[in-house]
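In: structural data only, the sequence is not supplied:
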């Protein structure tokens, strides 16, 4: 055993000892807590029982005292004037003193309840600190209860009548008995009992609880030592075979010494575990290494897929998208060759459009393509499923390519977008069997992302072309409309006095052209431009002594823009009116002809209505037999019955 192994074993033993000591401490704490909890429950139950008994005894004593005192108190003393019968008053006072001395009460008093609701103590006796008896009378008092809620036979115990319990810490227990005359309470007899005896008993019980807590701690320590001897020391013996595993001696087996109380099953299990580990350590290490490499590769592939998809989604030019995608796939995944094929319009060939390797660039130069169904790429394009050639030398589908001589394995993944294959992602490696099932799944996701990006780029290009075509058509239509509109109006000229129409179109340098501002000869010339089409020009001239300022030029340009807008609006309005007139005219013709049933009448009315409402020289409509060619129209034909009108 080497020095390092011995050091490891010593460290391991130290850790085991610390562990067992912590476990022993935990067992001790747990055992002590259980014992202490049991004792506390017992003490609490005992305390509650004793407390209830003492409380009930004090309450019973207070009730008997009230009943005894009530027997010697005449009710007439509470209704007649206070000092009317002095002898009866003194006799009652002596009886109250006698009752106080015969019981454990601290105070005993008699109070009146006049009709006005004021409470007055007429007689009262209490113990003094020196052991004597003190008499008092004529003192005001407060009624601590509602007389209306206390019956004639009820005795009210101070504040605790409902629950019947006395809370520890209260100095006195108060009890009262009411006297009634004619159904109305006229007075009450009160007694106060001290609770210091109960407090003394409670204090002594706390001493007993403390002694029992100390006893429980002692019992817990003793019990924990016993548990440690019976359970944790055998576990220490169980860890000894593990030390052999730690130092690498898996062939060594542990034999417990005689006399040690160790579970044989635990030792056998530890020895069996060491034997199993001896045969599987190298396998587990290899599997862990392969798992680590696969995890790192999967993470890098997913990150690369996300990065490539994010970048590809921002490129709207198809050629740029294909070139960048091939370059990024080769860089992130480290493939020997990456090629991107697209299916042509005839759905017959898959054409190489982008490549990352030098051989792939030569293939691009010679416009490399494969027929759908040919080779690994053609198979993927035809079936819509990935195709992997793990060893190209034995794969029957693979087609050799002289531009890529180092290829040993190849994978083609179809690029699907909107339910159809738009191309194929082709990757090749210098290593045989270089592609796993996870690689296929990852590249399939990437290929679909590229397919969506390619489809989006194509749609964007088509939409841009359609937009440009629509703009060109609109510009052409606008230009033709303005040319027709300008043929009727050449403009107006203002000479500081009158406004006169321009009879001839502008020619030469004055004709509408590019949007330029000319200040030569102090003449400001601004073209009227709408939709990229020059529809006119505004020319303003003034004395050379007053040159045009920049703000004036901007003002004129803004005014010209508004003029162009207004002219375009007027032209559009006129165009709308013309179209409305045409539709109205066609509607009238349709409505009038639908009421006719004779062919001759229909033809006659149609040519007459069109000739009447259209600005034409003549109108003619005729029916040509199938075997004859229509004759050219003449003025004489137009003047007949079926002809038009001038």
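Out: The structure has been received and is ready for your questions. This one's a predicted model, so the numbers in the text were calculated from it and none came from an experiment.

In: mind checking what secondary structure residue 395 has?
Out: When states are read from DSSP: H, G, I helix; E, B strand; the rest coil, the local structure at residue 395 comes out as coil.

In: ok, now how distant is it from residue 380?
Out: Distance of residue 395 to residue 380, given as Cβ to Cβ, to the nearest Å: 13 Å. Quick note: C-beta positions are derived from backbone N, CA and C, even for glycine.

In: what does residue 126 give?
Out: 112 Å.

In: so between these two, which is more surrounded?
Out: residue 380 (27 against 17; other Cβ atoms under 10 Å).

In: what distance do you get for the more buried one to residue 447?
Out: Looking at residue 380 against residue 447, where the rule is Cβ to Cβ, the gap reads 9 Å.

In: mutual contacts of those two, please.
Out: Shared contacts of residue 380 and residue 447, defined by Cβ atoms under 8 Å, 6 or more residues apart in numbering, comprise 413-414, 424.

In: tally of neighbours for residue 438?
Out: With other Cβ under 10 Å as criterion, residue 438 counts 13.

In: so what's it up against?
Out: Residue 438 makes contact with 294, 297-298, 301, according to Cβ under 8 Å, 6+ apart.

In: name the member of these with the most neighbours.
Out: Top of the contacts of residue 438 by neighbour number is residue 301, holding 19 neighbours under the definition other Cβ under 10 Å.

In: can I see the domain layout of the chain?
Out: For the chain, the domain assignment from automatic domain parsing gives the residue ranges 17-202, 296-463, 492-573, 596-638.

In: format the ones you listed as CSV; extra columns: distance to residue 290 and mean pLDDT.
Out: Compiled in CSV, those are given as follows (distance: least, Cβ to Cβ, whole Å; pLDDT from 0 to 100):
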stretch, distance to residue 290, mean pLDDT
domain 17-202, 34, 75
domain 296-463, 10, 88
domain 492-573, 67, 74
domain 596-638, 86, 68
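
In: next, format the ones you listed as a markdown table and append distance to residue 208.
Out: Putting the domains of the chain into a markdown table (distance: least, Cβ to Cβ, whole Å) gives the following:
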| stretch | distance to residue 208 |
| --- | --- |
| domain 17-202 | 7 |
| domain 296-463 | 68 |
| domain 492-573 | 106 |
| domain 596-638 | 127 |
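
In: hey, which of those is tucked in deepest?
Out: domain 296-463 (a mean of 18; mean count of other Cβ atoms under 10 Å).

In: now the end-to-end length of that domain.
Out: The distance separating the two terminal residues of domain 296-463, taken as Cα to Cα, to the nearest Å, comes to 42 Å.

In: ok now that domain, how far from the chain's centre?
Out: Relative to the mean C-alpha coordinate of its chain, domain 296-463 is positioned 37 Å out (Cα atoms, centre = their mean, to the nearest Å).

In: kindly report the same for stretch 213-221.
Out: Mean C-alpha position of stretch 213-221 versus that of the full chain (Cα atoms, centre = their mean) differs by 55 Å.

In: flag every buried residue along that stretch.
Out: Buried residues in stretch 213-221, counting neighbours by 16 or more other Cβ atoms under 10 Å, are found at 213, 216, 220.

In: hmm, who's touching that stretch?
Out: The contact list for stretch 213-221 (Cβ under 8 Å, 6+ apart) reads 28, 31-36, 38-40.

In: specify which member of these is nearest to residue 612.
Out: Using Cβ to Cβ, residue 33 comes nearest to residue 612 of the contacts of stretch 213-221, at 117.3 Å.

In: and the pLDDT for residue 1?
Out: According to the prediction, residue 1 has pLDDT 44.

In: a helix runs through residue 407, doesn't it?
Out: No: under three-state DSSP, residue 407 falls outside any helix and is assigned coil.

In: just give the nearest non-adjacent residue to it, would you?
Out: Across the structure, with Cβ to Cβ, 6 or more residues apart in numbering as the measure, the residue nearest residue 407 apart from its sequence neighbours is residue 428 (4.5 Å).

In: ok, that neighbour touching residue 333?
Out: No: contact between residue 428 and residue 333 fails when scored by Cβ atoms under 8 Å: they sit 11.3 Å apart.

In: tell me where the stretch 401-550 of the chain has strands.
Out: Residue ranges of the strands in the stretch 401-550 of the chain, as given by DSSP state E, counting those that start in this stretch, are 409-417, 420-429, 492-494, 499-501, 523-530, 533-541.

In: contacts only, for the residue nearest to residue 407.
Out: The neighbourhood of residue 428, defined by Cβ under 8 Å, 6+ apart, consists of 335-339, 404, 407, 409-411.

In: tell me the one of those nearest residue 181?
Out: The nearest member of those to residue 181, counting by Cβ to Cβ, is residue 411 at 114.2 Å.

In: if that closest one is in a bridge, with which residues?
Out: Residue 411 forms beta bridges with residue 388, residue 427, as assigned by DSSP bridges.

In: surely it touches residue 440?
Out: Yes: counting by Cβ under 8 Å, residue 440 is a contact partner of residue 411 at 6.8 Å.

In: between those two, what contacts are shared?
Out: Listed as contacting both residue 411 and residue 440 by Cβ under 8 Å, 6+ apart are 386, 388.

In: just the helices in the stretch 251-400 of the chain please.
Out: Using DSSP state H, counting those that start in this stretch, the helices found in the stretch 251-400 of the chain span residues 264-312, 318-333, 358-365, 375-383.

In: need the contacts of residue 438 in TSV (columns: distance to residue 599).
Out: Listed next are those as TSV, based on distance: Cβ to Cβ, whole Å:
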residue	distance to residue 599
294	87
297	85
298	82
301	79
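
In: looking at the residues you listed, spot the one nearest residue 14.
Out: Distances from residue 14 to those, taken by Cβ to Cβ, are shortest for residue 294, at 38.1 Å.

In: can you name the residues that contact that closest one?
Out: 436, 438.

In: tell me how far it lies from residue 439.
Out: In this structure, residue 294 and residue 439 are 10 Å apart, going by Cβ to Cβ.

In: same question, residue 14
Out: Residue 14 sits at a distance of 48 Å from residue 439 (criterion: Cβ to Cβ).

In: joint contacts of residue 294 and residue 439?
Out: Here residue 294 and residue 439 share no contacting residue, scored by Cβ under 8 Å, 6+ apart.

In: ok so residue 178 is a strand residue?
Out: Yes: assessed by three-state DSSP, residue 178 belongs to a strand.

In: now the strands for the stretch 1-150 of the chain?
Out: Ranges of strands in the stretch 1-150 of the chain, per DSSP E, counting those that start in this stretch, are 107-112, 119-127, 133-136, 139-141.
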